[in-house]
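A.B. asks: got a sequence here, can you build the structure:
(chains A and B)
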Amino acid sequence: MEALVVEKLTKDFGGVRAVNEVSFSVEPGERLAIIGPNGAGKTTLFQLLSGMLTPTAGRIFVFGKDITKLPAHQRAALGIGRTFQITNLFLNLTVLDNVLLALEAGGMTRYNLIRPVSSYKHLLGQAEDILRQWGLSDRRDFPVRSLSYGEQRQLEIMLTLSQNRSFLLLDEPTCGLSPEEAQSFVSIIRAFSRDFTVLLIDHDMDVTFGIAEKVMVLHYGTVVAFGYPEEVKNNPQVQEIYMGVD
Amino acid sequence: MKDRKSILRIATVLVLLCLAPLFLPSYYTGLLTLILIYAIFAMSLDILQGYTGLASLGHAAFLGTAAYIVAIINVKVFHGPHFAIELLAGVLSAGIVAAIVGLIVLRNTGTYLLMILLASSMMLWGIAFKWRSLTGGDDGLPGIARPNLAFMHWNLHNTTDFYFFVLLFFVIAALLMYLVVRSSFGHTLLGIRESETRMTALGYNVWLQKYIAFIVSGIFAGLAGVMLVYYNGFVSPSELHLVTSAEVLMMVILGGVGTLFGPAIGAGIIILIKNFVSAYTEHWMIILGALYMATIMLAPRGVYRLFKRSEKRG
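C.D. replies: Numbers count the residues shown, from 1 in each chain, chains lettered A, B, ... in the order given. Next comes the predicted model:
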């Protein structure tokens, strides 16, 4: 069964159609890159998939279950995790607190009005393991605000990954990073377990083609190409609208 | 080390509060009682304002509702004090008002939320003002008797005994609110304050967390209302008025948003100034306004953090 099926998904903002009858499907464990010029509707599509926006028309299925009408937090519980194009973290809280909030989302501790989060040893242990894995142990008690931009981008992915969601929607994970940093992100994402299905938006072609097994090209909200990277690269229409080749 | 220091500090404050009536003339003991009541009120607002990031200009709704419920039970139903019932009814009614208002307004954020809360508290003010037969209209309800706790050898008509009665509830409320903001639930509130969209993406039902915070905050504001009505022996629509909401918001900002104990200090400063200045002029609001502007310019993060910082330097 497909991990994700999108059927004629449409989103209008007033008179503007940002996403226009987009249909596609993704196999479990697949890495799909969504590319397209600015304003193509990539981020809007992610907002629709994660439930931050409700579609004007169309349907979304995750492992056969219709999630079109589910609110965002329930979709997250069903396994859709996302990162944000513009870094979206708890800036005034510590690195540890950020990871703890990601871990707490699954359990009942969030309703405990008396016990401090630091008294849950299993959560604390799990958080420290994650920080160690990502080499951020020494930053544990620093407010996220004080981290470098690259570290913040890394934390974006860490939070989502630490929740073991089956879907990862990565919205320009390397946005604003140096080419070297971007390359290290590529290896990190390539090393993700095949338990994760990855949808990726990125402007950087090296990143996109370094990760993606399938590529979907959006233009003015419409799918103009979908297929293996080589096919898409050689598609004349794609070259015309996206690569800027006549 | 840091913990031992804060325990020491809290213990010192508690000892001072317990000894205060021995040294203070009874007038000032009464004033300190009022400060403790407003401190509960201001701390309850800080749960919303400082920890959840929800601005409110309608917090008087919870204080006033509890005050009126206690007054009505005391004067109209039993014609005398029934402390346990009054306390429970007052606190519960504030919680229920919070649950109803929260259900309607919490989809909004920022200025919209602020204005809708303002409007809903003024609606309650309107009811209190117009429903003469029940609330006494703008004359209010006088003659509310303080609880009879003779079995605990407390005579609450005595200023000192009443002070200790309020101090007891202040300590319980402060401890409970401290536990709430430090709890894992409180931790999620900080996350919401920092970024609602990130919390949603992580899988939190942000609305529900806010709703719980709203009710908890309302309940503690209600407790302050119960204490206030015993203190005054009287309740009037001004307890529900915008001015009361604005005053408590200023206590929170002055003391330090998101510090919990800061707003208690803010309550102290404002009550004292209001008291001393109003002895000389009825335009004490001007002084308060000037003080407010000075705070924003000199200590925008509140008096409490100013103390903390100088302590670190020293």
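A.B. asks: which non-adjacent residue is nearest the one residue in chain A that gets nearest to chain B?
C.D. replies: Residue nearest to chain B within chain A: residue A:76 (3.3 Å; CB to the nearest CB). (Glycine included, C-beta is placed from N, CA and C.) Leaving aside its sequence neighbours, residue A:76 sits nearest to residue B:203 (CB to CB, 6 or more residues apart in numbering or on different chains; 3.3 Å).
A.B. asks: tell me the pLDDT of the one you found.
C.D. replies: Residue B:203 carries a pLDDT value of 90.
A.B. asks: residue A:104 now?
C.D. replies: 91.
A.B. asks: now it: how far from residue A:50?
C.D. replies: 19 Å (CB to CB, to the nearest Å).
A.B. asks: near chain A, which residues of the stretch 101-250 of chain B show up?
C.D. replies: B:179-180, B:182-188, B:190-191, B:194-195, B:197-206, B:209, B:212, B:216 (CB under 8 Å from any CB of the partner chain).
A.B. asks: again, 10 Å this time
C.D. replies: Residues of the stretch 101-250 of chain B lying close to chain A (CB under 10 Å from any CB of the partner chain) are B:176, B:179-209, B:212-213, B:216.
A.B. asks: filter those down to the buried ones.
C.D. replies: For those, a neighbour count by 16 or more other CB atoms under 10 Å in any protein chain shown gives the buried set as B:180-196, B:198-207, B:209, B:212-213, B:216.
A.B. asks: inside strands: which ones of those residues?
C.D. replies: Applying DSSP state E to those, no entry is found in strands.
A.B. asks: let me see the ranges of the strands in chain B.
C.D. replies: So, for chain B - with DSSP E - the strands run B:141-142, B:234-235.
A.B. asks: return the most buried member of these.
C.D. replies: Of the strands of chain B, the one with the most neighbours on average (mean count of other CB atoms under 10 Å in any protein chain shown) is strand B:234-235, at a mean of 22.
A.B. asks: that strand pairs with which strands, parallel or anti?
C.D. replies: strand B:141-142 (antiparallel) (DSSP bridges).
A.B. asks: what sits up against the strand it pairs with?
C.D. replies: B:67-68, B:70-72, B:74-76, B:128, B:134-136, B:229, B:232-236 (CB atoms under 10 Å, 6 or more residues apart in numbering or on different chains).
A.B. asks: residues contacting the residue of the stretch 151-300 of chain B found nearest chain A?
C.D. replies: Residue of the stretch 151-300 of chain B nearest chain A, by CB to the nearest CB: residue B:203 (3.3 Å). Residue B:203 sits next to A:72-81, A:102, A:104-106, A:110, A:163, A:165 when contact means CB under 10 Å, 6+ apart.
A.B. asks: stretch B:290-307: how far from the chain's middle?
C.D. replies: Offset of stretch B:290-307 from its chain centre (CA atoms, centre = their mean, to the nearest Å): 20 Å.
A.B. asks: same check on stretch B:294-311?
C.D. replies: Chain-centre distance of stretch B:294-311: 21 Å, with CA atoms, centre = their mean.
A.B. asks: over it, what's the mean pLDDT, rounded is fine.
C.D. replies: pLDDT averaged over stretch B:294-311 gives 78.
A.B. asks: for it, buried residues please.
C.D. replies: So, applying 16+ other CB under 10 Å, buried residues of stretch B:294-311: B:295, B:299, B:301-305, B:307.
A.B. asks: can you add distance to residue B:155 and mean pLDDT and give the strands of chain B back as a markdown table?
C.D. replies: A markdown table is the format used below for the strands of chain B (distance: least, CB to CB, whole Å; pLDDT from 0 to 100):
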| stretch | distance to residue B:155 | mean pLDDT |
| --- | --- | --- |
| strand B:141-142 | 21 | 86 |
| strand B:234-235 | 20 | 92 |
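A.B. asks: could you export the ones you listed as TSV, including distance to residue B:169?
C.D. replies: Listed next are the strands of chain B as TSV, based on distance: least, CB to CB, whole Å:
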stretch	distance to residue B:169
strand B:141-142	22
strand B:234-235	18
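A.B. asks: packing partners of the helix or strand of chain A with the lowest mean pLDDT?
C.D. replies: Ranked by mean pLDDT, DSSP states H and E, the helix or strand of chain A with the weakest confidence is helix A:236-241, at a mean of 82. Helix A:236-241 sits against strand A:214-219, strand A:222-227, helix A:229-234, with contacts defined as 3 or more CB pairs under 10 Å, 6 or more residues apart in numbering or on different chains; DSSP states H and E.
A.B. asks: the second one pairs with which strands?
C.D. replies: Sheet partners assigned to strand A:222-227 using DSSP bridges are listed as strand A:214-219 (antiparallel).
A.B. asks: any idea how far residue A:57 is from residue A:12?
C.D. replies: Counting by CB to CB, the gap from residue A:12 to residue A:57 is 9 Å.
A.B. asks: what touches both of the two?
C.D. replies: With CB under 10 Å, 6+ apart as the test, residue A:12 and residue A:57 both reach residue A:19.
A.B. asks: tell me where the stretch 201-314 of chain B has helices.
C.D. replies: Taking DSSP state H, counting those that start in this stretch as the criterion, the stretch 201-314 of chain B carries its helices at B:206-232, B:242-255, B:261-280, B:284-298, B:303-313.
A.B. asks: can you pull the contacts of residue A:192?
C.D. replies: A:29, A:31, A:157, A:161, A:168, A:170, A:198, A:211.
A.B. asks: quick one, helices of chain A?
C.D. replies: A:42-50, A:72-77, A:95-104, A:121-133, A:149-161, A:179-190, A:205-211, A:229-234, A:236-241 (DSSP state H).
A.B. asks: and among the ones you listed, the most buried is which?
C.D. replies: Buried most deeply of the helices of chain A, by mean count of other CB under 10 Å, is helix A:95-104, with a mean of 25.
A.B. asks: what angle do that one and helix A:149-161 make?
C.D. replies: Inter-element angle recorded for helix A:95-104 and helix A:149-161: 20 degrees (by axes from the mean of the first three to the mean of the last three CA atoms, to 10 degrees).
A.B. asks: buried ones in stretch B:267-275?
C.D. replies: So, applying 16+ other CB under 10 Å, buried residues of stretch B:267-275: B:267-271, B:274.
A.B. asks: so which of the residues you listed also contact chain A?
C.D. replies: Counting by CB under 10 Å from any CB, no member of these is near chain A.
A.B. asks: where does confidence bottom out across those residues?
C.D. replies: residue B:274 (86).
A.B. asks: would you confirm that that residue contacts residue B:286?
C.D. replies: No: taking contacts as CB atoms under 10 Å, residue B:274 lies outside contact range of residue B:286: 11.9 Å.
A.B. asks: still on that earlier bit, pick the one among the buried residues of stretch B:294-311 closest to chain A.
C.D. replies: residue B:301 (12.0 Å).
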